[in-house]
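Chemist: Here is a sequence together with a model predicted from it:
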Amino acid sequence: ETGVTQSPTHLIKTRGQQVTLRCSSQSGHNTVSWYQQALGQGPQFIFQYYREEENGRGNFPPRFSGLQFPNYSSELNVNALELDDSALYLCASSLQGSPDTQYFGPGTRLTVL
Amino acid sequence: GDSVTQMEGPVTLSEEAFLTINCTYTATGYPSLFWYVQYPGEGLQLLLKATKADDKGSNKGFEATYRKETTSFHLEKGSVQVSDSAVYFCALSPTPGANNLFFGTGTRLTVIP
């Protein structure tokens, strides 16, 4: 079991609302990445934070944003929710430059109605 | 762009059967390659990795060899067990040290006694 935790476990929102998902990193890890996993698909990279700044982004619109805090915990914020945002959101903590140290949390299941 | 194509599932095998899950990749640079496993109710876990051509990753009886000439990283196990039932994801990190991962769509394996 990894030391990466996510909250909440499940969440239901309606279209147009905003949501904040939280992630607590593995102790000692300085990088956090967020992924979106649609049902039956593999995870898709949203963005990555290192030293509290975004330092890599996948093909996601600006309404997906994030924060990383000094204790390396992080948030994923999604504005103006759309039905297609329904997915499992995974965070992964790691050491910068070491993708094989990437530990995934259990995920937050977001349902947009 | 960088991508991973993974064998479609689901795959159902009897205990002690031989397993192969095919994975091919497209990358512009020199990627690192990974297999992740997602057991029921758990988060993604790194199963094995290979960082350069001809490297063989192995763990828990699973093996995969990085084949640059065929751009493949097929997962194999000689004798599967019921406890191997899970979803398996092939993934790549596009450049050495890059923390963002590109995942395949996943292959669900069910092993029956």
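Modeler: Okay, I see it.
Chemist: what is B:Ala50 paired to in the beta sheet?
Modeler: Judged by DSSP bridges, the bridge partners of B:Ala50 are B:Leu33.
Chemist: Would you confirm that it contacts B:Tyr66?
Modeler: Yes. With contact defined as CB atoms under 8 Å, B:Ala50 counts as touching B:Tyr66 (4.0 Å). Heads up, the C-betas are built off the backbone N, CA and C, glycines and all.
Chemist: A:Ala80 and A:Ser65: what is the separation?
Modeler: From A:Ala80 across to A:Ser65, the span is 12 Å (CB to CB, to the nearest Å).
Chemist: any residues in contact with both of B:Ala50 and B:Tyr66?
Modeler: Common neighbours of B:Ala50 and B:Tyr66 (criterion: CB atoms under 8 Å, 6 or more residues apart in numbering or on different chains): B:Leu33, B:Lys56, B:Gly57, B:Phe73.
Chemist: Am I right that A:Trp34 is in contact with A:Gln44?
Modeler: No. Here A:Trp34 lies out of contact with A:Gln44, judged by CB under 8 Å, at a distance of 9.9 Å.
Chemist: more neighbours, the two?
Modeler: Neighbours were counted for A:Trp34 and for A:Gln44 using other CB atoms under 10 Å in any protein chain shown; A:Trp34 has more, 25 against 18.
Chemist: Would you list the phi and psi of the closest residue to A:Arg63 other than its chain neighbours?
Modeler: Excluding the flanking residues, the one nearest A:Arg63 by CB to CB, 6 or more residues apart in numbering or on different chains is A:Asn79, at 4.3 Å. The phi and psi torsions at A:Asn79 (degrees, to the nearest 10) take the values phi -100, psi 160.
Chemist: A:Asn79 reaches A:Gln18, doesn't it?
Modeler: Yes. Assessed by CB under 8 Å, A:Asn79 is found in contact with A:Gln18 at 4.9 Å.
Chemist: quick one: contacts for the nearest residue to B:Thr28 once chain neighbours are set aside?
Modeler: Spatial nearest neighbour of B:Thr28, chain neighbours left out: B:Asp2 (6.6 Å); criterion: CB to CB, 6+ apart. Contact analysis of B:Asp2 by CB under 8 Å, 6+ apart lists B:Tyr25, B:Thr26, B:Ala27, B:Thr28, B:Pro31, B:Leu92, B:Pro94, B:Phe102.
Chemist: Buried ones only from the shared contacts of B:Ala50 and B:Tyr66, please, as a ChimeraX command.
Modeler: Buried residues among those (16 or more other CB atoms under 10 Å in any protein chain shown), as a ChimeraX selection:
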select /B:33,57,73
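Chemist: what's the most distant pair in the shared contacts of B:Ala50 and B:Tyr66?
Modeler: In the shared contacts of B:Ala50 and B:Tyr66, two members sit farther apart than any others by CB to CB. They are B:Leu33 and B:Lys56, at 11.0 Å.
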